[in-house]
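**Q** Curious how this folds, go ahead:
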Amino acid sequence: MELKISDNLTLKQKLDHLNTLIQDWYPDYVGFAIAMLDNDNNLYSVYRSQGYGVKFPDFIEAIHKSSRLSTLRETRSPDIIDDMTCHLPSIKHIHQTLIRKSCLSSMATPIYNKNDEFVGIMFINARIPYFFRQNLNFFNTISLIASLFVNDDLNVKRSFHNIIKTILLISHHKDPETQNHLKRVAEYSRLIALYLGKRKLCNGHFIDAVYHYADMHDIGKYMIPDEILFSTKIYTPEERQIMNEHPELGYQLILKTLKQWGGITDDNLKIILNIIRHHHERFDGDGFPLKLKGEDIPLEARIVTVADVTDALLSHRPYKKPWPLSDVIKYLQEGSGKQFDPLCVEAITKNMAKASQIQKQYPDHLIDNGMKSAG
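**A** Sure thing, here's the model as predicted:
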């Protein structure tokens, strides 16, 4: 078997190629899926080969509730089910579905990152019993290759994110909206995306990308003159027009930067640019810069819009106190279908207790310098 995979391919393309090679070698192999861990010990699917089937869940809640997955995490060794039919009275719905598709054996292997942290699981299925006992060394190697692909993808995202974070730190030093504001927006965005993922409205790759890139939404603000960006006065129409250029300025900046850098895949680039350019669009079409309406606004931007406003309302600023949770919920619900995507509002309002925990986990440390960003 010859494995020649270009670095320019997306994670999905690399894993698709790996899946095809395995199928060529082992006719009884069915397919594999990869799920990554979030901060609440839930797994969300980031890849599912075509042969694996659409029934593999996009979201597996609280892996500590699964003895198999918990053991996998603790032992760091593959877990193999030799014959699913031997466990018929006790197996879960997903395994029953696999049996109906003639998938009779299963192997799960843990994925660790370069810091030796448990970050996910690879699930592999085959059509015949005891398949993985007979081919264990080969599929251990396959799981290591898949782990390298996953970690390479994570490293690219983190490398790029570190570059952007440096830009944000340099640009953000005078802004009363602290670095923890950016972190909270990312966390709220993932909270919303996970809720939508449970409803099959997005997949694990999308959730992961939104989380990594949500804090870039306002990068264009720092191309706005300081006397406007940090003005304590009500903007004139001319100043408001300049301020409203920041999504387009950020879009052009990152577009040029990333095209020259060349280290990010096209699907990630699209998500990044959509967040930056469209997070001030309104669901009713009365936003900017393009006055997009409803689902014409990219989902990633609709998510970040709600996350950003939620944090603004919950946070202390030199010019305002945090709003009570009840008032935040009321404001978001009143804006549902107008300023905000109704499903994104539903997602955050049903998880407001978790949002409050995020707020406490990443508090602001503000110095009242008499300035505010009015944009």
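**Q** Which strands and helices lie in contact with the lengthiest helix in the chain?
**A** Using DSSP state H, we find that the single longest helix of the chain is helix 136-172. With contacts defined as 3 or more Cβ pairs under 8 Å, 6 or more residues apart in numbering; DSSP states H and E, the packing partners of helix 136-172 are helix 11-25, strand 29-37, strand 105-112, strand 118-126, helix 179-198, helix 204-213, helix 246-261. C-beta coordinates here come from the backbone N, C-alpha and C atoms, glycine included.
**Q** tell me the angle the shortest one makes with helix 136-172.
**A** What that stands for is strand 105-112. Orientation check (axes from the mean of the first three to the mean of the last three Cα atoms, to 10 degrees): strand 105-112 against helix 136-172 gives 40 degrees.
**Q** who does strand 105-112 pair up with?
**A** strand 79-81 (antiparallel), strand 118-126 (antiparallel) (DSSP bridges).
**Q** Can you give me the neighbour number for the nearest residue to Ser106 once chain neighbours are set aside?
**A** Nearest residue to Ser106 in three dimensions, chain neighbours excluded: Ile81, at 4.4 Å (Cβ to Cβ, 6 or more residues apart in numbering). Other residues near Ile81 come to 19 when the count uses other Cβ atoms under 10 Å.
**Q** Give me the buried positions along the helix or strand Arg68 falls within.
**A** Using DSSP states H and E, Arg68 maps to helix 67-75. Neighbour counts over helix 67-75 (16 or more other Cβ atoms under 10 Å) mark Leu69, Leu72, Arg73 as buried.
**Q** what mean pLDDT does it have?
**A** Average pLDDT, helix 67-75: 79.
**Q** cool, and stretch 11-28?
**A** 92.
**Q** Output that stretch in PDB with nothing but the alpha carbons.
**A** Only the C-alpha atoms of stretch 11-28 are listed here, as PDB (Å, rounded to 0.1, in the frame of the first residue of the first chain):
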ATOM      1  CA  LEU A  11      -8.500  16.700   6.600                       C
ATOM      2  CA  LYS A  12     -11.600  15.100   5.000                       C
ATOM      3  CA  GLN A  13      -9.800  14.600   1.700                       C
ATOM      4  CA  LYS A  14      -6.800  12.900   3.500                       C
ATOM      5  CA  LEU A  15      -9.100  10.600   5.500                       C
ATOM      6  CA  ASP A  16     -11.100   9.800   2.400                       C
ATOM      7  CA  HIS A  17      -7.900   8.700   0.600                       C
ATOM      8  CA  LEU A  18      -6.900   6.600   3.600                       C
ATOM      9  CA  ASN A  19     -10.300   5.000   3.700                       C
ATOM     10  CA  THR A  20     -10.100   4.100   0.000                       C
ATOM     11  CA  LEU A  21      -6.700   2.500   0.500                       C
ATOM     12  CA  ILE A  22      -8.000   0.300   3.300                       C
ATOM     13  CA  GLN A  23     -11.000  -0.800   1.200                       C
ATOM     14  CA  ASP A  24      -8.700  -1.900  -1.600                       C
ATOM     15  CA  TRP A  25      -6.700  -4.100   0.800                       C
ATOM     16  CA  TYR A  26      -9.500  -5.500   3.000                       C
ATOM     17  CA  PRO A  27     -12.900  -6.200   1.400                       C
ATOM     18  CA  ASP A  28     -14.400  -7.000   4.800                       C
END
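**Q** quick one: contacts of that stretch?
**A** 1, 3, 5, 9, 29, 31-32, 34, 46-47, 49-51, 126-128, 131, 135, 142, 145-146, 149-150, 152-153, 205, 265, 267 (Cβ atoms under 8 Å, 6 or more residues apart in numbering).
**Q** what about 7 Å?
**A** 1, 3, 5, 29, 31-32, 47, 49, 126-128, 131, 135, 142, 145-146, 149-150, 153 (Cβ atoms under 7 Å, 6 or more residues apart in numbering).
**Q** Please report the distance of the nearest residue to Gly294 once chain neighbours are set aside from Leu299.
**A** In this structure, Gly294 finds its nearest non-sequential neighbour in Phe283, 6.0 Å apart by Cβ to Cβ, 6+ apart. In this view, Phe283 and Leu299 are 12 Å apart by Cβ to Cβ, to the nearest Å.
**Q** who's more crowded, the two?
**A** Between Phe283 and Leu299, Phe283 has the larger neighbour count (other Cβ under 10 Å), namely 25 against 20.
**Q** Stretch 234-254: which residues count as buried?
**A** Neighbour count says stretch 234-254 has Glu239, Ile242, Met243, Asn244, His246, Pro247, Glu248, Leu249, Gly250, Tyr251, Leu253, Ile254 buried, by 16+ other Cβ under 10 Å.
**Q** could you give the mean pLDDT of it?
**A** Here the average pLDDT along stretch 234-254 is 93.
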